[in-house]
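> fold the following and give me the result.
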Amino acid sequence: AAGPSAVPDLDPTKANNPVTGGQLSFNSFLPRVNVQFKITPNAQVYATYSKGNNPGGINTATQIGQAGTGTSEAQRIIQEEQLKNYEVGFKTLWLDNRLKLNGAFYQMKWDNLQNAATYFTTAGVFFGITENRGAAKIDGFGLDAEFAPTENWTFRGQLSYNHGTYEKFCSIQLANLLYGPVVTTSPTGTPLVGAALLGADPRCLAAGSNGQFNTRAQLVSGNELETAPKKTASIGFAYHTSIMNDWTLTPRGNLQYSDGQWESEMNLAKSPSWYMLELGLGLDKGNTSFEIYCRNCNDEDAPLRTTRLTDPYGSNATVALGGLGYNQTIGNNPRRPRQFGARFAWKF
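Alright, predicted model coming up:
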């Protein structure tokens, strides 16, 4: 993928300023190559390579580049996030096509990760931008199966394992949490730059070495990816039977499992693992269908997601050095409790 080769002229008096007018374009080549080999009529293997991207953009915060914020005009541009995917797998049919078993092993690599970051002006005003910082990788595998022992019964199962880690990743948020906002002068008035900045990890100072513009951050390479549970699984069934007047009765059920997820790249808190049961009983005839159902029948209360939240006006030890506090807290997105319901559909 290719993006802008240089930061455009941001003079507000000129028409090409992306904040007040003009445009910014990105060009990407996103190939996908797939090779398949059929071993038998009911078994094949394959290999896939593909590239993807998340388009770039523009940070419009007016404080970017101001002295004392720890930012530069180079952070005005959000570069494209890029993904490379490598996958090998198999697809098979067994037992007179009554059993389908598929599997895949894969690796995904991200570069120019787009992440949210918060900065402060010397007046204590905070502002948020999106930055390209570091890289990440996921190694994993997945299995899925479907078994129909009779014309009436169908069973399904799925299992996946993902090991996702940050690579060459510098966290501004961790530096802010441990040391507060950037303090550019000592208590005696001596200017602080580079490694002298409170909380600056020397491994994050070289521009570009960790995909990092800011000179003050903490290295978190090796930490696990947020919102990426290691193990997920599900098992389900459906039974189809004809009853009076050509109506089809279908009881069904599905049980899901998931490991917990980290709140952020800092890996400070992790949500608990969870199970969730769903049941349903449906009636179908022609274009008409009706179902009563139960979602989260076991009333699982583990949060949907655990996230890091910022309290920009909190206090910590950096107040003594002239900086505003910068506290973090952990928030949970609640899961819907047990639900019962009914739905009716008519196709026309």
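
> which residues of the stretch 151-300 of the chain score low on pLDDT?
For the stretch 151-300 of the chain, the stretches with pLDDT under 70 are 180-187, 189, 191-196, 206-215.

> at 90 instead, please
Low-confidence segments of the stretch 151-300 of the chain, defined by pLDDT under 90, are located at 167-219, 226-228, 244-246, 264.

> show me where it has its strands.
When secondary structure is read from DSSP state E, counting those that start in this stretch, the stretch 151-300 of the chain shows strands at 153-167, 170-171, 218-219, 231-239, 241-242, 248-258, 274-285, 288-295.

> return the set of buried residues in the last one.
Spelled out, it's strand 288-295. Going by neighbour count (16 or more other C-beta atoms under 10 Å), the buried part of strand 288-295 is Ser289, Glu291, Tyr293, Cys294. No exception for glycine: its C-beta is placed from N, CA and C like everyone else's.

> ok, then the element right after whichever strand or helix holds Phe90?
Per DSSP states H and E: Phe90 is located in strand 81-94. Past strand 81-94, heading to the C-terminal end, the next element that is a helix or strand (DSSP H and E) is strand 99-111.

> so who does the residue lying closest to Glu278 once chain neighbours are set aside touch?
Leaving aside its sequence neighbours, Glu278 sits nearest to Asn254 (C-beta to C-beta, 6 or more residues apart in numbering; 4.8 Å). Contacts here follow C-beta atoms under 8 Å, 6 or more residues apart in numbering; on that basis Asn254 touches Ser234, Ile235, Gly236, Phe237, Leu277, Glu278.

> and with 7 Å instead?
By C-beta atoms under 7 Å, 6 or more residues apart in numbering, the contact list for Asn254 reads Ser234, Gly236, Glu278.

> isn't the first one up against Ser258?
No. Here Ser234 does not reach Ser258: they are 9.1 Å apart, not a contact under C-beta atoms under 7 Å.

> now the residue nearest the centre of the chain: how far from Ala175?
Note on the chain: the residue nearest the mean C-alpha position is Thr227, at 5.5 Å, using C-alpha atoms, centre = their mean. In this view, Thr227 and Ala175 are 22 Å apart by C-beta to C-beta, to the nearest Å.

> equivalent analysis for Thr48, please.
Relative to Ala175, Thr48 is positioned 39 Å away (criterion: C-beta to C-beta).

> those two: who's more crowded?
The neighbour count for Thr48 versus Ala175, taken as other C-beta atoms under 10 Å, is higher for Ala175 (25 against 16).

> the more buried one and Gly199 touch, don't they?
Yes. At 4.3 Å, Ala175 and Gly199 qualify as touching, with contact defined as C-beta under 7 Å.

> pull up the overlap in contacts between the two.
Both Ala175 and Gly199 are contacted by Arg216, Gln218, under the criterion C-beta under 7 Å, 6+ apart.

> contacts for stretch 227-240, please.
The set of residues that contact stretch 227-240 without belonging to it, under C-beta under 7 Å, 6+ apart, is 138, 152-164, 248, 250-261, 305.

> which among these count as buried?
Buried among the contacts of stretch 227-240 by 16+ other C-beta under 10 Å: 138, 154, 156-162, 164, 250, 252-253, 255-256, 258-261.

> tell me where the model's unsure across the stretch 1-150 of the chain.
Within the stretch 1-150 of the chain, the stretches falling below the threshold (pLDDT under 90) are 1-29, 55-58, 60-79, 112-134.

> that one: strands as residue ranges?
If you assign secondary structure with DSSP E, counting those that start in this stretch, the strands in the stretch 1-150 of the chain sit at 32-40, 43-54, 57-58, 77-78, 81-94, 99-111, 114-120, 126-132, 135-147.

> could you check the angle strand 99-111 makes with the last one?
In other words, strand 135-147. Our comparison of strand 135-147 with strand 99-111, counting by axes from the mean of the first three to the mean of the last three C-alpha atoms, to 10 degrees, yields an angle of 170 degrees.

> with only the CA atoms kept, save strand 135-147 in CSV.
Extracted C-alpha coordinates of strand 135-147, given in CSV (Å, rounded to 0.1, in the frame of the first residue of the first chain):
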residue,chain,number,x,y,z
ALA,A,135,2.5,-3.4,14.5
ALA,A,136,0.7,-6.5,15.6
LYS,A,137,0.4,-10.1,14.7
ILE,A,138,-2.1,-12.9,15.2
ASP,A,139,-1.3,-16.6,14.9
GLY,A,140,-4.2,-19.0,15.1
PHE,A,141,-6.3,-21.8,13.8
GLY,A,142,-10.0,-22.6,13.4
LEU,A,143,-12.0,-25.8,13.1
ASP,A,144,-15.7,-26.1,12.2
ALA,A,145,-17.9,-29.1,11.7
GLU,A,146,-21.4,-29.9,10.7
PHE,A,147,-23.0,-33.3,11.2
